[in-house]
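> would you be able to build a 3D model of this:
(chains A and B)
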Amino acid sequence: MPVAVRTRSGGRRGRRTAVPYVFLTPAVALFVLTFLLPIGYAVYLSLRKVQVSGLGLGRGSRTEVFAGLANYRAALADPTLLTGALRVFGYGALLVPVMLGLALLFALLLDRPRVGLQRVSRIAIFLPYAVPAVIASLLWGFLYLPATSPLNDTLDWLGGPQPDLLGTGTVFYAVVNIALWGGVGFNMIVLFTALRAIPPELYESARIDGCSELQIAWRIKIPLLTPALVMTTVFTMIATLQVFSEPMTLRPLTNSISSTWTPLMKIYRDAFATDDRYAAAATSVIVALVTLVLSFGFLRLVQRRAFGQER
Amino acid sequence: MATAHPQPAAATTRRRPHRPRPHRPRPQLVPTIVLLTGAVYCLLPVAWVLVAATKSGSSLFSTFTFAPGDALFANIAELSAYRGGQFWRWVANTALYAGVGALASAALSGLSGYTLAKYDFVGRSAIFNTLLAGVLVPGVILAVPQYLLLAKIGLADTYWSVLLPSIISPYGIYLARIYAAAAVPDTVIEAARTDGAGEFRIFRQVAVPMMIPGLITVFLFQFVAIWNNFLLPFIMLADDNKFPVTLGLYTLLNQGSTTPALYSLVITGSLLSIIPLVALFLSLQRYWRIDLLSGSIKA
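Next up is the predicted model:
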């Protein structure tokens, strides 16, 4: 319950009502500087273009002018953006259910009696969270690379074929696997923590009634986990839309990843490699709008769950 | 819920590592194997890097993947000598970005979260919702215009360009708000006020000590977030003396596609840079208050 400032005597009230605003000033100022201003600037840039007069040589021959929605039309008509977007949606459609499914499975096994090596496994599965995506992609990259891969070594020894896990057909799954490795442990811990918060008496009575562990998991634990599952799903979905580090790090090891493999990679290329910040800004705004659709659902969810009782 | 202690509970009461089980029945085979498979999968790349870092550049490609070599110390020496010890400079930079950034972030989140939880004022929901919406903004949308704006005021390619955007954490403010609501009783604040303490003194001397476990959690989350953030330094920095270790290893890998001898440096560098974080993780395990994250703590 927040302290009701207004219940204090009138004389000190004026001074005190300013306090929360003063306390929030640093956060709001930094938020404006690093969030709102850049977003505003991106929207502004997305509506601009460079006009070249004459041969485009010399000072003043290149001027920035208002472009209307031309950059948006160009971005939406660009087949590489569509391909990248479809790839990321496919990536999310595969990664999110597999990651959450495995996280749920491991969390349930950690919470189940008569399972061995629970503590060791919990730490081992959570450990990849400590490894940054770039280094995770580096390690997996070498595990995929035919010259250093244990799979290729083994198949070579057995006289089998030599697959290229970083080839055009498989590199998509190679990236999914890196993200799965990095994220499953964190989600497992979130779900496991939520499971620990369920009063054990609920299971005791079910066990007395003759429920098996599988039935307890299915009928009691998973329904009670639903809010935590929804939360982790939304977080994972947002993270998948931002996939960048993994394919970017794998690029030096393979030719199968183009510079526009995901929308964010295309934005990076437009902004820095081809130096078309206007196209980059327009694409950024489009990706942001798609994310915004998800964000409203998320905000309502969080508010209802965490702060509903505060008022 | 079980963890809903109004006291700073994480530091004092450890969450039950095991359920009390006086007589421990024999573990069941199938669930144990499934769990163990997951553990082996997660340890596989870590085991690989431990082995690969012991191989010399030539045996990396010629010997069996999991056959150890004897070149670990030679590799470390070679890495340390690379361009006058640049690798260790990258490590120091990472410590600066993640350490200072996360510390500043925890302080800012603590103050903002406490304010949002404990004061009733016009615009509270509006400010909180706006801040929280920041969680959902993809990094690249921000990083490109952030770079262009910082370049305008001459801050691009400086330490500030990576530190400043790392300090504000909508997520940290969200966690700190939940923790402050649960851990700091209103009566204590009222009592301090009756004793005539100023508002900031109440925060610093009364609220902060009660919020410490929650603030450590915020620190850890933000530390990992900064250390994990590849895009921001990738866009902001051009001078490789200011690189964090992730970006440094990435550029080494990039050069490795033409000079494969650099691969063993990349691998040794990866091993050396994950060791401190894994150690930090294991030693501070009890502060991973993930129940905060799922919103399962109640005031």
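
> nearest residue to the most centrally placed residue in chain A other than its sequence neighbours?
Centroid-nearest residue in chain A: residue A:239, 0.6 Å away (criterion: CA atoms, centre = their mean). Nearest non-adjacent residue to residue A:239, counting by CB to CB, 6 or more residues apart in numbering or on different chains: residue A:183, 7.2 Å away. C-betas here are computed from N, CA, C, even on glycine.

> could you report the pLDDT at that neighbour?
In this model, residue A:183 is scored at 92, pLDDT.

> how about residue A:247?
pLDDT, residue A:247: 94.

> looks like it contacts residue A:263 (just checking).
No - using CB atoms under 8 Å, residue A:247 makes no contact with residue A:263, being 11.5 Å away.

> show me which of those two is the more surrounded one.
Set residue A:247 next to residue A:263 and count neighbours by other CB atoms under 10 Å in any protein chain shown: residue A:263 wins out with 28 against 25.

> for the closest residue in space to that one that isn't next to it in sequence, give me its contacts.
Once flanking residues are discounted, residue A:263 sits nearest to residue A:84: 4.7 Å by CB to CB, 6+ apart. The contact partners of residue A:84, by CB atoms under 8 Å, 6 or more residues apart in numbering or on different chains, come to A:260, A:261, A:262, A:263, A:265, A:266.

> buried subset of those, written for ChimeraX?
Filtering those down to the buried ones (16 or more other CB atoms under 10 Å in any protein chain shown) takes a single ChimeraX command:
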select /A:260,261,262,263,265,266
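
> counting neighbours, what do you get for the residue nearest to residue A:239?
25.

> distance of it from chain B?
11 Å (CB to the nearest CB, to the nearest Å).

> relative to chain B, how far out is residue A:138?
5 Å.

> which ones are touching residue 268?
No chain in the question, so chain A it is. Shown in contact with residue A:268 (CB under 8 Å, 6+ apart): A:244, A:248, A:280, B:140, B:144, B:231, B:235.

> let me rephrase: I mean chain B.
By CB under 8 Å, 6+ apart, the contact set of residue B:268 is B:53, B:72, B:75, B:76, B:78, B:79.

> returning to what we had before: for the helix or strand the residue nearest to the centre of chain A falls within, name the packing helices and strands.
Per DSSP states H and E, residue A:239 falls inside helix A:222-241. Packing partners of helix A:222-241 (3 or more CB pairs under 8 Å, 6 or more residues apart in numbering or on different chains; DSSP states H and E): helix A:79-111, helix A:171-196, helix A:277-302.

> show me what the next helix or strand after it is in contact with.
Next along the chain after helix A:222-241, taking DSSP H and E as the criterion, comes helix A:245-250. By CB under 8 Å, 6+ apart, the surrounding residues in contact with helix A:245-250 are A:132-134, A:136-138, A:141, A:144, A:166, A:171, A:174-175, A:178-179, A:257, A:261-262, A:265, A:268, B:230-231, B:234, B:250, B:253.

> before we move on, back to that, most tightly packed of the helices and strands packed on helix A:222-241?
Across the helices and strands packed on helix A:222-241, the average number of neighbours (mean count of other CB atoms under 10 Å in any protein chain shown) peaks for helix A:171-196, which reaches a mean of 23.

> so what angle separates the directions of it and helix A:222-241?
Counting by axes from the mean of the first three to the mean of the last three CA atoms, to 10 degrees, helix A:171-196 lies at 140 degrees to helix A:222-241.

> now the helix or strand hosting residue B:263 - C-alpha only, CSV.
Using DSSP H and E, residue B:263 maps to helix B:262-283. Taking Å, rounded to 0.1, in the frame of the first residue of the first chain, the C-alpha atoms of helix B:262-283 are listed here in CSV:
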residue,chain,number,x,y,z
LEU,B,262,43.6,-17.0,-34.6
TYR,B,263,40.9,-19.6,-34.0
SER,B,264,42.8,-21.1,-31.0
LEU,B,265,43.1,-17.6,-29.6
VAL,B,266,39.3,-17.1,-29.9
ILE,B,267,38.7,-20.5,-28.2
THR,B,268,41.1,-19.8,-25.4
GLY,B,269,39.6,-16.3,-25.0
SER,B,270,36.1,-17.7,-24.8
LEU,B,271,37.1,-20.1,-22.1
LEU,B,272,38.9,-17.4,-20.0
SER,B,273,35.9,-15.0,-20.3
ILE,B,274,33.2,-17.4,-19.3
ILE,B,275,35.1,-18.6,-16.2
PRO,B,276,34.6,-15.5,-14.0
LEU,B,277,30.9,-15.2,-14.9
VAL,B,278,30.2,-18.9,-14.2
ALA,B,279,32.0,-18.4,-10.8
LEU,B,280,29.9,-15.3,-10.1
PHE,B,281,26.8,-17.2,-11.0
LEU,B,282,27.4,-20.2,-8.8
SER,B,283,28.6,-18.1,-5.8
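
> how about that helix: buried residues?
So, applying 16+ other CB under 10 Å, buried residues of helix B:262-283: B:262-274, B:277, B:280-281.

> where's the dip in pLDDT among these?
pLDDT across those is lowest for residue B:281, at 78.

> that one against residue A:130, yeah?
Yes - with contact defined as CB under 8 Å, residue B:281 and residue A:130 form a contacting pair (4.5 Å).

> got the CA coordinates for stretch A:68-79 in CSV?
Output in CSV follows, covering the C-alpha atoms of stretch A:68-79 (Å, rounded to 0.1, in the frame of the first residue of the first chain):
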residue,chain,number,x,y,z
GLY,A,68,6.6,11.2,-47.0
LEU,A,69,6.0,7.5,-46.7
ALA,A,70,8.4,6.6,-49.6
ASN,A,71,10.8,4.9,-47.3
TYR,A,72,8.0,2.7,-45.8
ARG,A,73,6.8,1.8,-49.2
ALA,A,74,10.3,0.9,-50.3
ALA,A,75,10.9,-1.2,-47.1
LEU,A,76,7.6,-3.1,-47.4
ALA,A,77,8.2,-3.8,-51.1
ASP,A,78,11.7,-5.1,-50.4
PRO,A,79,11.7,-8.9,-50.7
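
> state the distance from the residue nearest to the centre of chain A to residue A:258.
22 Å (CB to CB, to the nearest Å).

> again, but for residue B:131
Distance from residue B:131 to residue A:258, by CB to CB: 36 Å.

> over to residue A:127?
Applying CB to CB, the value for residue A:127 to residue A:258 is 32 Å.

> that concludes my questions; thank you for your assistance.
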